[in-house]
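Engineer: Sequence first, then the predicted structure, then my questions.
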Amino acid sequence: MRKFNWSKISLIAIATVLLWLKTYIVYKTSFDIKIENWKQEFILFINPLSFLLFIFGISLFMKEKNRNRYILISSFFISFVLFANVVFYRFFNDFLTVPVLFQTSNMSDLGSSVNELLYVSDLLYFADFVILALLIKFKPKFIMVKEYSKVNRRVFFLVSIAIAFFNLGLAETERPQLLTRTFDREILVKNIGTYNYHLYDMFLQSKSSAQRALADGSELVDIDNYVHANYKEPKDDMFGIAKGKNVIAISMESMQNFVINETVNGEEITPFLNDFIGESYYFDNFYHQTAQGKTSDSEFLLDNSLYPLSRGAVFFTHSGNEFTATPEILGNNGYYTATLHANNKSFWNRDIMYDSLGYDRFYSMIDYDIREENSVGWGLKDIDFLEQSVQHLKDMPKPFYSKFITLTNHHPFELGEEDKFIQPYTSGNNTVDNYFPTVRYTDEAIKNFVQKLKDDGLYEDSVIILYGDHYGISENHNKAMTEFLGTEVTPFVSTQLQRVPLIIHIPGQEGKTISTVSGQIDLKPTILHLLGIDTKKDIQFGADLFSADRMEFTVLRDGSFITKDHVYTRETCYDKSTGEPAADQNACEPYMEKAKNELEYSDKIIYGDLLRFYENENYRSEDSGLKENNE
Ligand code: GP9
Ligand code: MN
């Protein structure tokens, strides 16, 4: 071996160190990664290293010119991936996944949100790349230029493999079963690093593609047993109470439950909803169960009573699957089914997915009169959207099942002065402050809409279902939320903040608040039962919200769950009455298995496209819906 010249440094070392340090700085400044002890901090610090050594190490096999070019290009590419994560995180408080990357068709529609999320100072994220480019161009003397021997290369890769194993081993001691429990991307990034996390995510992606190919329907037996053992009889006097009525379901964008019956600057945030609750069923312990698919995930839950996926949006990744969704079932029961949303029809792959779900008609952008004056932020203002939609409802064959998606209350919560019925909050955090006037605006839009339904004679014949799609204020704003709520946003409070309003108005029924612990997964059986449609043979994970023997239990998509007395999140069992970790940490134990099974079974159905093996006409067949031969 030639003698090592310590006064010179190789470009590989420089590129690695620059990116390594940058990644660590980005971890600390751009992501909110919770560190509990020095060991976790150490793991976080070393976790980018093995990957970077590997990638830059490949250049050892190249000649100088190619090597420099390779180092520069990979450095840029890696920086870009890191930066993309930073931007994604600003909005979604989450890390990118492969399926999300393929949703780029959405990016063009993100418009104002992306602008809000990019700053000039973001150029700093590429500072090390500029340094590297200058070094390559001007070749200062301290840069070592040499060819590497076979032994050199071997040593190099052995060292990087050793570092990778050291990292993984350390992470396993800190976090057992790290790679088998993958709901929580933050924990993965914290332990194996953002780059290895992406590799791992790619592996998951190929695994899920293989799953469909290999599925044969035999997995359905267990799932079918589980689902039917958990089936809850509907309440006699509610079953069929709205038979033959129209259904108007409105997904209220980013509407969280904490705004209900609450004030800001002394003014009611949702005056109309607060009144409407008085004459409707109001569920105040109802949770959203969405993940990266946001609104589309909530639509998926509503229509299928299956969980969305923990990564990517099922609307994108599995729109070709076989489903037994509410529109299809209602279509078979004499209903006309429509979904109304004033955005581009391909946004979130809706046009394709709606077809799979069995909708007769999608009223999208082209069905509305959209001008600059009646638009804000993401598109047509809610007041105009709902008002124009009434005409569509009037034109539809009756009875109809219709789903609406409001939009104005979407990050960054933009609103013209003329539409601000209340003033922003004053924490100094724009997102939190501006949230209230846009929520108030949506409330006004629904008020007008209900009035119009009354004027046009649709109100008395329609069940109106209003529900929040997902959170509007992410954990990035805990400080301002702590100020608003007057209580610190602990993981317990944060989980409670995942409650969204659910209001079901049934003509002729009086108002009642129901506090059963529930989630969006329960909407499908509830709606079908109100319309008098039996769901006994359906594959669904929810249960009728009116059922007398409902279990007080709901699972969130990150694996957290809520029971009558406890909240389980971030591996801690909280006592609901105190909001503190429960004295008996085993109190959540009996539900853990159930929470895990539900999510896994639901995932299996989606990844394996298992409903294609299920007798679709289960509402007419005699026994179990399972096809005899599992074709
Ligand atoms: C836009 C609607 C809202 O069409 O899906 O976006 P989201 O809440 O999913 O980000
Ligand atoms: Mn949404």
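Structural biologist: Yep, it's here. Ligands and ions are numbered 1, 2, ... in the order given.

Engineer: Break the chain down into its domains, please.
Structural biologist: 9-211, 238-549 (automatic domain parsing).

Engineer: what's the first-to-last distance across the last one?
Structural biologist: What that stands for is domain 238-549. Taking Cα to Cα, to the nearest Å, the first and last residues of domain 238-549 lie 14 Å apart.

Engineer: Tell me which of the domains of the chain sits most buried.
Structural biologist: Mean neighbours per residue, mean count of other Cβ atoms under 10 Å, is largest over the domains of the chain for domain 238-549, with a mean of 20. Bear in mind the C-beta positions are built from the backbone N, C-alpha and C, glycine included.

Engineer: quick one: it near ligand 1?
Structural biologist: Yes - Domain 238-549 is in contact with ligand 1 by Cβ under 6 Å from any ligand atom, via Glu253, Lys294, Thr295, Ser296, Asn343, Phe347, Trp348, Trp378, Leu407, His410.

Engineer: Those residues: which ones sit near ligand 2?
Structural biologist: Under the cut-off given by Cβ under 5 Å from the ion, ligand 2 has Glu253, Lys294, Thr295 from the residues of domain 238-549 next to ligand 1 close to it.

Engineer: pLDDT (mean, whole number) over the helix or strand hosting the last one?
Structural biologist: Using DSSP states H and E, the secondary-structure element containing Thr295 is helix 294-304. For helix 294-304, mean pLDDT is 97.

Engineer: name the helices or strands packed onto it?
Structural biologist: strand 246-252, helix 314-317, helix 326-331, helix 350-357, strand 400-405, helix 523-530 (3 or more Cβ pairs under 8 Å, 6 or more residues apart in numbering; DSSP states H and E).

Engineer: Give me the contact list for that helix.
Structural biologist: 249, 251, 253, 288-291, 293, 306-308, 313-315, 323-327, 339, 348-350, 353, 357, 403, 405, 467, 469-470, 519-521, 523-524, 540, 557 (Cβ atoms under 8 Å, 6 or more residues apart in numbering).

Engineer: secondary structure element for the residue nearest to Leu117 when sequence neighbours are not counted?
Structural biologist: Once flanking residues are discounted, Leu117 sits nearest to Arg90: 4.8 Å by Cβ to Cβ, 6 or more residues apart in numbering. Following DSSP H and E, one finds Arg90 within helix 64-92.

Engineer: now that helix against helix 294-304, angle please.
Structural biologist: Between helix 64-92 and helix 294-304, the angle comes out at 60 degrees (axes from the mean of the first three to the mean of the last three Cα atoms, to 10 degrees).

Engineer: what about helix 64-92, near ligand 1?
Structural biologist: No - Helix 64-92 lies out of reach of ligand 1 by Cβ under 6 Å from any ligand atom, never closer than 8.4 Å.

Engineer: rewinding a little: tell me which of the helices and strands packed on helix 294-304 approaches Ile33 most closely.
Structural biologist: Closest approach to Ile33 among those is made by helix 314-317 (26.5 Å; Cβ to Cβ).

Engineer: per-residue confidence at Lys627?
Structural biologist: 41.

Engineer: Oops, could you answer that again for Thr104 instead?
Structural biologist: Note on Thr104: pLDDT of 56.

Engineer: same question, Val155
Structural biologist: 93.

Engineer: any idea which helix or strand comes after the helix or strand harbouring it?
Structural biologist: Using DSSP H and E, Val155 falls within helix 150-174. Sequence order places helix 185-214 as the next helix or strand after helix 150-174, per DSSP H and E.

Engineer: ok, which stretches of the stretch 351-500 of the chain are strands?
Structural biologist: 361-363, 375-376, 379-380, 400-405, 462-468 (DSSP state E, counting those that start in this stretch).

Engineer: will you turn the ones you listed into a markdown table that also has distance to Tyr282 and mean pLDDT?
Structural biologist: As requested, the strands of the stretch 351-500 of the chain are arranged in a markdown table below (distance: least, Cβ to Cβ, whole Å; pLDDT from 0 to 100):
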| stretch | distance to Tyr282 | mean pLDDT |
| --- | --- | --- |
| strand 361-363 | 28 | 97 |
| strand 375-376 | 29 | 96 |
| strand 379-380 | 28 | 95 |
| strand 400-405 | 19 | 98 |
| strand 462-468 | 10 | 98 |
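
Engineer: now those strands in a markdown table, with distance to ligand 2?
Structural biologist: Formatted as a markdown table, the strands of the stretch 351-500 of the chain follow (distance: least, Cβ to the ion, whole Å):
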| stretch | distance to ligand 2 |
| --- | --- |
| strand 361-363 | 17 |
| strand 375-376 | 16 |
| strand 379-380 | 12 |
| strand 400-405 | 8 |
| strand 462-468 | 9 |
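
Engineer: between the ones you listed, which gets nearest to Tyr441?
Structural biologist: Of all those, strand 375-376 comes closest under Cβ to Cβ, at 9.0 Å.

Engineer: now what about the closest one, what contacts it?
Structural biologist: Lys381, Thr408, Glu414, Leu415, Gly416, Asp419.

Engineer: Apply 10 Å and report the result again.
Structural biologist: For strand 375-376, the external contacting residues (Cβ atoms under 10 Å, 6 or more residues apart in numbering) are 112, 342, 381-382, 384-385, 407-408, 410, 413-416, 419, 438, 441.

Engineer: List the contacts of the residue nearest to the spatial centre of the chain.
Structural biologist: Nearest to the mean C-alpha position of the chain, by Cα atoms, centre = their mean, lies Ala291 at 1.9 Å. By Cβ under 10 Å, 6+ apart, the residues touching Ala291 are 92, 94, 97, 183, 185, 297, 307-314, 470, 556-558.

Engineer: what's the answer for Asp575, then?
Structural biologist: Phe492, Asp565, His566, Val567, Pro581, Ala582, Ala583, Asp584, Ala587.

Engineer: Can you give me the pLDDT of it?
Structural biologist: pLDDT at Asp575 comes out at 98.

Engineer: for Asp623, same thing?
Structural biologist: pLDDT, Asp623: 41.

Engineer: sorry, back to before: double-check that the residue nearest to the centre of the chain belongs to a strand.
Structural biologist: No - read with DSSP: H, G, I helix; E, B strand; the rest coil, Ala291 is coil and lies in no strand.

Engineer: ok, and the closest non-adjacent residue to the residue of the stretch 451-600 of the chain found nearest ligand 2?
Structural biologist: Nearest residue of the stretch 451-600 of the chain to ligand 2: Asp469, at 4.4 Å (Cβ to the ion). Among residues not flanking Asp469 along the chain, Ser298 sits closest, at 4.0 Å (Cβ to Cβ, 6+ apart).

Engineer: I'd like to know which elements the helix holding Val155 is packed against.
Structural biologist: helix 38-46, helix 49-57, helix 185-214 (3 or more Cβ pairs under 10 Å, 6 or more residues apart in numbering; DSSP states H and E).

Engineer: Can you tell me what sits against that helix?
Structural biologist: 1-2, 4, 12, 16, 36-37, 39-40, 42-44, 46-58, 60-61, 146, 148-149, 178-179, 187-188, 190-193, 196.

Engineer: I appreciate the help and will end here.
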